[in-house]
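Peer 1: Here is my input; please provide its structure:
(one chain, ligands or ions: 1)
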Amino acid sequence: MADGDHVLVCVAWPYANGPLHLGHVAGCYLPPDIYARFERARGNRVLMVSGSDEHGTPITVTAEQNGVSSQDIVDEYHSVNSKALLDLGCTWMPNIDSRGSSYGGSLFNRTTDIRHKKKVQSNFKLLYDAGFFEKRTMQQYFEVHPDGGGRFLPDRYIEGVCPSCGADGARGDQCDACGATYESYELKNPISKMNPELPVEIRDTEHLFYRLDLFQKALEQHAENNHSVWKPNVRAMTKQWLDMGLRPRAVTRDLEWGIDVPLEGDDWHGKCIYVWFEAVQGYLTCSQIWSEEYDDGSSWENWWIENDILSQRHYYFLGKDNVPFHTVIWPAILMGLNHARNGKNANHPVELPSTGDLRLEDNVPAMEYLMLGGGQFSKSRKHAIWLPSFLDRFDPDTLRYYLSINMPES
Ligand SMILES: [Zn+2]
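Peer 2: Purely as a prediction, here's the structure:
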């Protein structure tokens, strides 16, 4: 038996549309670095992966508001944020563990990496061929221009009243007030975020939906198996999703800035894979890319592929908003991939991973929010202390110490 556990430390991927703030650092970026150092000090083999989330409407809306290209936005903030994390003393460099690559290392990648795109497209094809997608016509808001043209308004391009709690200013895909997620056509009193004066109407558009319903039983079993390990907030948010009953979920968008849907036909022209569906695969693609770039190209399997000999553990560090994406959607994608890799299709019952399969998460130590003057830190409302400007003036160890003793655990 090889010395030391194979520990995968997965760190939430920050959107490259602004600088990180201290709420992010306390919630998602400092805890995994401390944990990775702890596991390395115990002699374990740690691979730490993350990177910039560079697609989707969070990026394109910021670019339009600033009158620059999406590429400009992601280039700027990938560079700002990767430097800030290194300045904070996080061990994203060097990429190879000082004991050698068999002891792992780290990679802070980006989702515009062509290798990530290719791997996501190949996974998408695999899931498609196994029958895990269903094509549906859905109703989407469309901004009508005076010349008769116009465009669809996915996710953050539309704002309105939350269908769940009634709060104003809810986004097309998520309500910041109550945390609910929904399809954008469910939003009430919708207006175009970029052009509020233009009329908005509902039009039909074809999209692919991932059959989450097929994973309900396996995910319930998975949640039960982890009941004693997961924190109460993780258990509760996962249970809330499972209790509602999982439904097929739209995983393509009418948007150019993203990873193209890898299917033939006019239906898919101008559409991309939903940013959440592809960025969450970054934990896997980043491990594979690390292995290709810094090791033999197959060593990622020591961390990812279930194995009777090696002891493996997976930890996902993220803010509590994102819990269901990591305890429901991501395991459903992984189990779908396992199923397809084993030559099965959507007609066969989905099973939890066994030897030779991709591993699911062991724990998701999601943090509560760090408060600033009694309110939540917020990037969109610019109520925050930014990491880069803080580190311009103060020593990183002061910040690491202060945030560690005030870690928002509850
Ligand atoms: Zn709400």
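
Peer 1: Helix or strand: which one has the residue of the stretch 1-150 of the chain found nearest the ion?
Peer 2: Relative to the ion, the nearest point of the stretch 1-150 of the chain is Tyr141 (17.8 Å; CB to the ion). For the C-beta atoms, the positions are set from N, CA and C on the backbone; glycine is no exception. Element membership of Tyr141 [criterion: DSSP states H and E] is strand 133-144.

Peer 1: Which positions in the helix or strand hosting Asp75 come out as buried?
Peer 2: Taking DSSP H and E as the definition, one finds Asp75 inside helix 70-87. Across helix 70-87, burial judged by 16 or more other CB atoms under 10 Å covers Ser70, Ile73, Val74, Asp75, Glu76, Tyr77, His78, Val80, Asn81, Ser82, Ala84, Leu85.

Peer 1: Packing partners of that helix?
Peer 2: Where contact means 3 or more CB pairs under 8 Å, 6 or more residues apart in numbering; DSSP states H and E, helix 70-87 is packed against strand 45-52, helix 57-66, strand 104-110, helix 387-393.

Peer 1: so of these, which one's packed in deepest?
Peer 2: Counting by mean count of other CB atoms under 10 Å, strand 45-52 has the highest mean neighbour count of those, with a mean of 28.

Peer 1: and stretch 172-186, does that touch the ion?
Peer 2: Yes. Against the ion, stretch 172-186 shows contacts by CB under 5 Å from the ion at Cys175, Ala177, Cys178, Ala180.

Peer 1: Given the lowest-mean-pLDDT helix or strand in the chain, what are its sheet partners and their directions?
Peer 2: Least confident helix or strand, the chain: strand 371-372 with a mean of 72, by mean pLDDT, DSSP states H and E. Strand pairing for strand 371-372, determined by DSSP bridges: strand 375-376 (antiparallel).

Peer 1: what separates the partner strand from the chain centre, distance-wise?
Peer 2: Centre-to-centre, strand 375-376 and its host chain are 23 Å apart (CA atoms, centre = their mean, to the nearest Å).

Peer 1: tell me the mean pLDDT for that strand?
Peer 2: For strand 375-376, the mean per-residue pLDDT is 74.

Peer 1: related to what we said a few turns ago, got a winner among the residues of stretch 172-186 next to the ion for most neighbours?
Peer 2: For these, the largest number of neighbours (other CB atoms under 10 Å) sits with Cys175, at 22 neighbours.

Peer 1: one step back: compute the inter-axis angle for the helix holding Asp75 and strand 45-52.
Peer 2: Angle, helix 70-87 to strand 45-52, by axes from the mean of the first three to the mean of the last three CA atoms, to 10 degrees: 140 degrees.

Peer 1: so what's Cys272 bridging to?
Peer 2: In beta-bridge terms (that is, DSSP bridges), Cys272 pairs with Arg253, Asp260.

Peer 1: How is the protein divided into domains?
Peer 2: 6-122+271-405, 136-204 (automatic domain parsing).

Peer 1: now, of those domains, which is deepest in the fold?
Peer 2: Sort these by mean neighbour count, taking mean count of other CB under 10 Å, and domain 6-122+271-405 sits at the top with a mean of 19.

Peer 1: Whether it contacts the ion - can you check?
Peer 2: No. Remark: domain 6-122+271-405 sits outside contact range of the ion, by CB under 5 Å from the ion, the gap being at least 12.5 Å.
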